[in-house]
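1. Okay, structure incoming, though there's no sequence with it:
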């Protein structure tokens, strides 16, 4: 069949071609051109080869159709995508009052059954696959002839596997063709109770993970299997029921379809404007006729009929935004009219003017309310909390924390220690949070057993119970001495000391043993809330290279189907929206003013763009629940190649409902492990108050610089949290000499409007000392309590200031009455965000250790640093030494607008310059001794770069070399090239940098080599 276009109601037949097949043989051919009585579009002429001149003097359809019906009398119809051809014949028969009720087969699903893995099933591809010969595509008689041959071959192949198969039973054959690629229909599904909600979440999950093809699809069988608690609508104009009536399905088939649905939908006339325009619907009368038929079916099957509007947006004007969104996200659909806006009740009543008043009221108002009344009060996500359960966790937490506390502070515990621990344990256990501590303890101890330290994030270090449970190394008690021998302790509680590490060395007055020093003076309320009932948020930093291991261990700990990655939703921001609008303007040849563009940007802002996963967040489902009790699941960005399953809802939506563990990957624990391995030292046994180490935060003197270099004031280049130019500037302003001052700088650098135009000005003007300014949220609570303010009010003030919220006049008056300095109040009013002190302390403990290695194990420090910055490393520059590095640095510094890559390179070159100024060199890479991706120290203790550090040598190439050299040595450059994935640039780089020059060019061997 050839036509003037795709739509049977507006386009016309231009050619009918058919062949008769009897007993597997082609016995007769029918072929007639038809005058369509309308112009054939140019594109269709190009596709079919049928021109207007070819058909203008041919018989019209009223003459050809009777001949074709006579030719095809009593035959099964077979075609490729038969619905298209049959649809046009049916429409022609209806217009000419011919009876036409064909039985027909489609070669398309047959081909899918025989060749399920075949990508496309066009007729020419099938003809080639089945070797039935070439044909002139898109001429009706040729198509029919080829389709007949294809059908015969396909039927033979199907019958080979199904011996008793007849044409009547063809639909019973099983196929592996993906369900997601079948024809699809729309439907509305409501969950009427919690069982329905759970089933709905199961359906959504399977549709996104098993049946996704460009978009999520839902097989009827999947809905049927999970139908309990659901109310299923027939769908609107794209629903199966509407299409069945439009396409003249038999009454028997339509009744069968009706049985599946719980209520029927009739669409407002307004949503058909585009369909009427393009001819996919005959006319308004046909829509009215179909809607009336659906109302009759509602009565026949005793099912409610509801008027719907396929709503996609709120206002009429928003259809432009939807078109822009579709264009930006590569959907081909374009809405020519504002069809899918939310209509008022009166507008909906007006849409159904052709119904009597009683029926109108029923479908628009009454039946809608009846559907609503069937739906119970259901929350998409429960409001209660469902923590995982571990038997005996309360007792286990109490026992383990007391055991460690006694091992440090003695038995009986000092009153201050016991009071703090008991208060926290009472809050944690009474609120059901002990299990969270036990989980965190298990994970941290697993990582430590495997040789990786764990850094704590957020305020978990505010909890002394967490410290005693080995979750964090941050001790939040007041600064204190503790004797490791006799357990004598001395606490400094007047706020005069910022951190126990800052205390002068002291021997125990009881037994003469050198006393340990600890404590960072952090109130537990920051973590657990003033009443101790706030859910603990335990975030942990694991080594990046170890993160997959700890995630897998978490899954083992809780069992299959209980751990899912925390889902995220990526939304459209201004730049993306601008790109979408520009694309829409270009494709539609539009010019929009800046004001119009900005208006559309606002309309698109924060619309869902994609889905993803939290970098380390894991959602934990309790043993007695399923994930579907809380959320559907899916693949991030609907990409299942890594088999990572995430929650369909964002983790923020489920905050406080099920446990989210933040097990993040971080460079610092990886760095510590590398330094430990390179130096064979224990990072937990380093001296934490070493004067030389502290001094690099205020000078470069401890680094023993041999040559002049550019960053010669502060020695913290390459130290996490303290190496950036911004923080080095803070160090120059403050010259810290104590650990507590390091903590202050860490807090200041992570806050918003805390240092710049605030604390910095106070310090420079000497209005306040560095130890008096606000640096972390905890400072506010501690300092206000020390000034005599009520503890609860101090907590409430801290909570408001840390979030950047305004303080009321009443609160400000209260602070002034208690003689809080004006500069302090002004500082509070400027702050937008404050960092938790516990987080700052945790960072500083790790940073201090790395600084220790920088001072005392410099080669290990630089080797480790460069391993973490391998992507930015410039071998040809750095290996040549100080002058080469300085020249490259100078070139970048002269750039007016360096790229991010150039900025990253500058940071790396600054560290390399410092290294060279300390007279530390990097050796030339060695084909047989260098590792693939890590800097190491060779047998002489010198820094040996990895092969992937060499310019133009990728990680994959370097791994190839290492793998091949383990088998046997390379006999030539030719051999090296043949056995690895090295390309021309990489080989040239290895040659030019004198790394493979000891190899001969080719495999030939001279007698003199023997």
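-> Arrived safely, thanks for sending. Computed from a predicted model, the values in this text were never measured in an experiment.
2. Please count neighbours and contacts with C-alpha atoms only from this point.
-> Fine.
3. ranges for the strands of the stretch 301-450 of the chain?
-> Residue ranges of the strands in the stretch 301-450 of the chain, as given by DSSP state E, counting those that start in this stretch, are 304-308.
4. got the contact list for residue 567?
-> Contacts for residue 567 (Cα atoms under 8 Å, 6 or more residues apart in numbering) come out as 611-614, 636, 646-651.
5. how far is the one helix or strand it maps to from where the chain is centred?
-> Under DSSP states H and E, the secondary-structure element containing residue 567 is strand 563-571. Its chain's C-alpha centre and that of strand 563-571 lie 5 Å apart, by Cα atoms, centre = their mean, to the nearest Å.
6. May I see the buried residues of it?
-> 563-569 (16 or more other Cα atoms under 10 Å).
7. what lines up beside it in the sheet?
-> Within its sheet, strand 563-571 is paired with strand 608-620 (antiparallel), strand 646-650 (parallel), according to DSSP bridges.
8. and for stretch 719-735, what are the contacting residues?
-> For stretch 719-735, the surrounding residues in contact (Cα under 8 Å, 6+ apart) are 668, 697-698, 713-714, 716-717, 745-746, 749, 760, 764, 770, 843-844, 847, 850-851.
9. Now do the SS call for residue 14.
-> strand (DSSP: H, G, I helix; E, B strand; the rest coil).
10. give the contact list for residue 14.
-> With Cα under 8 Å, 6+ apart as the criterion, the residues that contact residue 14 are 1-4, 33-36, 50, 55.
11. Which among the contacts of stretch 719-735 count as buried?
-> Buried members of the contacts of stretch 719-735, counted by 16+ other Cα under 10 Å: 668, 697-698, 713-714, 716-717, 745-746, 749, 760, 770, 843-844, 847, 850-851.
12. Can you pick out the most distant pair from the contacts of residue 14?
-> The span of the contacts of residue 14, defined through Cα to Cα, is set by 1 and 55 at 14.3 Å.
13. out of the two, which sits in the busier spot?
-> Just comparing residue 1 and residue 55: by other Cα atoms under 10 Å the higher neighbour count belongs to residue 1, 24 against 20.
14. Which pLDDT value goes with the more buried one?
-> pLDDT recorded at residue 1 is 85.
15. ok, it - contacts?
-> By Cα under 8 Å, 6+ apart, the residues touching residue 1 are 13-17, 85, 139-140.
16. In TSV: the residues you listed, plus pLDDT.
-> Supplementary listing: those in TSV, determined by pLDDT from 0 to 100:
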residue	pLDDT
13	94
14	94
15	94
16	93
17	90
85	90
139	63
140	76
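17. Who wins on neighbours among these?
-> residue 14 (28 neighbours).
18. For the stretch 201-350 of the chain, which segments count as helices?
-> Residue ranges of the helices in the stretch 201-350 of the chain, as given by DSSP state H, counting those that start in this stretch, are 220-225, 240-246, 251-260, 273-278, 284-301, 319-328, 345-351.
19. mean pLDDT lowest for which of these?
-> Among those, helix 273-278 has the lowest mean pLDDT, at a mean of 84.
20. what comes into contact with that helix?
-> 7, 10, 281-284, 335-337, 339.
21. most surrounded residue in those?
-> Neighbour max across the contacts of helix 273-278 (other Cα under 10 Å) = residue 339, 22 neighbours.
22. What is the most widely separated pair among the contacts of residue 567?
-> 636 and 651 (13.1 Å).
23. phi, psi of residue 105?
-> Comment: the main-chain dihedrals of residue 105 come out as phi -120, psi 150, following degrees, to the nearest 10.
24. Number of residues surrounding the residue nearest to it when sequence neighbours are not counted?
-> What sits nearest to residue 105 in space, not counting adjacent residues and going by Cα to Cα, 6 or more residues apart in numbering, is residue 78, at 4.7 Å. Number of residues near residue 78 (other Cα under 10 Å) recorded here: 22.
25. Hmm, residue 104 and residue 78 touching each other?
-> Yes - distance between residue 78 and residue 104: 5.6 Å, which falls inside the contact criterion (Cα atoms under 8 Å).
26. got the contacts of residue 1 as TSV, with distance to residue 376 columns?
-> Below are those laid out as TSV (distance: Cα to Cα, whole Å):
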residue	distance to residue 376
13	53
14	56
15	57
16	56
17	57
85	47
139	58
140	57
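27. Going by distance to residue 187, which of those wins?
-> Of the contacts of residue 1, the one sitting nearest to residue 187 (Cα to Cα) turns out to be residue 85, at 26.6 Å.
28. Mind giving me the packing neighbours of the helix or strand the closest one falls within?
-> Under DSSP H and E, the secondary-structure element containing residue 85 is helix 82-96. The contact analysis (3 or more Cα pairs under 8 Å, 6 or more residues apart in numbering; DSSP states H and E) places helix 82-96 against helix 61-71, strand 104-106.
29. between these, which gets nearest to residue 941?
-> For these, the distance to residue 941 is smallest for strand 104-106, at 75.0 Å, taking Cα to Cα.
30. Other residues contacting that closest one?
-> The set of residues that contact strand 104-106 without belonging to it, under Cα under 8 Å, 6+ apart, is 76-83.
31. same question for it, mean pLDDT?
-> Strand 104-106 shows an average pLDDT of 84 in the prediction.
32. Please apply the same query to stretch 616-624.
-> Stretch 616-624 comes out at a mean pLDDT of 93.
33. give me every residue that touches the closest residue to residue 384 other than its chain neighbours.
-> Spatial nearest neighbour of residue 384, chain neighbours left out: residue 657 (6.0 Å); criterion: Cα to Cα, 6+ apart. In this structure, residue 657 makes contact with 382-387, judged by Cα under 8 Å, 6+ apart.
34. List only those of the residues you listed flagged as buried.
-> For these, buried by 16+ other Cα under 10 Å: 382, 386-387.
35. on that earlier part again, could the contacts of residue 14 go into CSV alongside secondary structure and distance to residue 630?
-> CSV is the format used below for these (DSSP: H, G, I helix; E, B strand; the rest coil; distance: Cα to Cα, whole Å):
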residue, secondary structure, distance to residue 630
1, coil, 52
2, strand, 52
3, strand, 52
4, coil, 52
33, strand, 61
34, coil, 60
35, strand, 61
36, coil, 58
50, coil, 59
55, helix, 63
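36. still on that earlier bit, ok, so of the contacts of helix 273-278, who is nearest residue 162?
-> Distances from residue 162 to the contacts of helix 273-278, taken as Cα to Cα, are shortest for residue 7 (37.0 Å).
37. who's in contact with that closest one?
-> Taking Cα under 8 Å, 6+ apart, we find residue 7 in contact with 278-280.
38. can you redo these as JSON lines with neighbour count?
-> Conversion of these to JSON lines gives the following (neighbours: other Cα atoms under 10 Å):
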{"residue": "278", "neighbour count": "15"}
{"residue": "279", "neighbour count": "17"}
{"residue": "280", "neighbour count": "16"}
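39. For residue 146, state which of those residues is nearest.
-> Of all the contacts of residue 7, the one sitting nearest residue 146 is residue 280; the distance, using Cα to Cα, is 28.3 Å.
40. Contact partners for that closest one?
-> For residue 280, the contacting residues are 7-10, taking Cα under 8 Å, 6+ apart as the criterion.
41. quick one, what contacts residue 192?
-> Contacts for residue 192 (Cα under 8 Å, 6+ apart) come out as 229-231, 374-376, 378.
42. tell me how far the ends of stretch 770-785 are from each other?
-> 19 Å (Cα to Cα, to the nearest Å).
43. Pull the number of nearby residues for residue 940.
-> Here the count is done by other Cα under 10 Å, and residue 940 has 6 residues near it.
44. Am I right that it sits in a helix?
-> No - when the secondary structure is assigned by three-state DSSP, residue 940 falls in coil instead of a helix.
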